[in-house]
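Trainee: sequence first, predicted coordinates after that:
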Amino acid sequence: MKIGVIGTGNMGEILIEAFISSRAASASDMQITNRTATKALAIQKRHPDITVCREAEEIIKACDLIFICVKPHDIYPLLKRVEPLVRPDQCMVSITSPVSTNQLESVVSCSCMRMIPSITNKVLSGTVLYTFGKNCKEQWKQEMQERMNVLCEEAVEIDEAITRAASDLVSCGPAFISFLTRKFIEGAETTGMDGQVAEKLAESMLAGLGELFKQKEYTLAQLEEKVCVKGGVTGKGIEVLEAEVGDMFTKLFQATHQKFADDKQETAEQFGLP
């Protein structure tokens with residue numbers, strides 16, 4: 001099976017690397033293209049068997065499974081451009097949350113789905129979120145479930161209504177947690193600790209924490225209870241967090257949902273349906 005990737009930005013590149021490292025696809029079966037050719041050529045330099053195409057049309061003509069990894073407002077113009085070349089036996093996969101499977105199916109006459117990856121998939125971990133289109137063929141559903149299960153620890157089918165919140169946790173979450181960890185490290189530095197030492201210790205802690213959850217040793221609540229001894233040092237730290245966090249995460253989700261709504265409005269105007 002030939003797999004095409006249109007758009008080799010951050011997530012497109014992660015998807016390519018995950019496919020190859022997991023052996024869900026071989027480099028020789030992959031064809032990629034990008035508006036800025038140097039990005040695609042840099043990937044080809046690491047994986048010489050990958051074919052770099054000049055135009056998206058080449059991908060559509062040659063591939064069976066096609067991933068659309070471009071910005072939300074660029075998807076509709078791209079689909080309209082390649083629509084005459086799309087075959088019913090192909091599968092088109094968008095990795096951007098504001099574009100629905102209904103919108104994809106309104107333009108192209110093939111199986112469609114949305115698949116939202118995470119940077120954690122680069123090491124074949126974490127979660128992949130997915131939604132099949134109403135007209136997606138059963139053979140493609142089975143094919144994609146098998147491939148997604150190789151790319152991550154768990155592939156989760158989600159309803160349109162929770163797309164943004166689920167994406168915030170799975171796809172945006174690593175950036176949010178990384179930001180908070182950097183602030184945690186900066187706090188440690190105010191005590192005189194060397195920043196590199198603090199970063200190394202924090203990274204080790206996060207890796208160990210992930211392993212605890214992976215092995216299902218504790219739930220979040222149980223872990224907090226185990227570490228936080230009443231009247232102890234951790235308890236004092238938790239008191240500060242409780243006082244300072246406030247509605248920060250509520251505001252975070254409000255901000256991401258507003259951006260999501262703006263993007264959805266733009267794509268709805270392009271496609272002519274929500």
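Mentor: Happy to help now that I have it.
Trainee: so where's this structure shaky on pLDDT?
Mentor: Residues of the chain meeting the criterion pLDDT under 70: none.
Trainee: what about the strands in it?
Mentor: For the chain, the strands defined by DSSP state E occupy 3-6, 30-33, 51-52, 65-68, 91-94, 111-116, 127-132, 154-157.
Trainee: for the shortest one, packing partners?
Mentor: Secondary-structure packing of strand 51-52 (3 or more C-beta pairs under 8 Å, 6 or more residues apart in numbering; DSSP states H and E): strand 30-33, helix 37-46. Where you see a C-beta, it was placed from the backbone N, CA and C, and this is true even at glycine.
Trainee: give me the distance from it to the chain's centre.
Mentor: Distance, stretch centre to chain centre, for strand 51-52: 23 Å (C-alpha atoms, centre = their mean, to the nearest Å).
Trainee: count of residues packed around Val245?
Mentor: Val245 has 10 neighbours, counted by other C-beta atoms under 10 Å.
Trainee: show me the contacts for it.
Mentor: Residues near Val245 by C-beta atoms under 8 Å, 6 or more residues apart in numbering: none.
Trainee: Met92 is in contact with Cys63, correct?
Mentor: No - with contacts counted by C-beta atoms under 8 Å, Cys63 stays clear of Met92, the gap being 10.1 Å.
Trainee: buried ones in the helix ranked longest in the chain?
Mentor: As assigned by DSSP state H, the longest helix anywhere in the chain is helix 248-271. Going by neighbour count (16 or more other C-beta atoms under 10 Å), the buried part of helix 248-271 is Thr256, Phe260, Asp263, Lys264, Thr267, Gln270, Phe271.
Trainee: what's near enough to touch the closest residue to Leu129 other than its chain neighbours?
Mentor: Excluding its sequence neighbours, the residue lying closest to Leu129 (C-beta to C-beta, 6 or more residues apart in numbering) is Ile116, at 4.1 Å. Shown in contact with Ile116 (C-beta under 8 Å, 6+ apart): Ile95, Thr96, Ser97, Val128, Leu129, Tyr130, Thr163, Ala166, Ser167, Val170, Ser171.
Trainee: cutoff 10 Å now
Mentor: By C-beta atoms under 10 Å, 6 or more residues apart in numbering, Ile116 lies in contact with 11, 94-97, 127-131, 156, 158, 163, 166-167, 170-171.
Trainee: do the same with Ala243
Mentor: For Ala243, the contact set (C-beta under 10 Å, 6+ apart) is empty.
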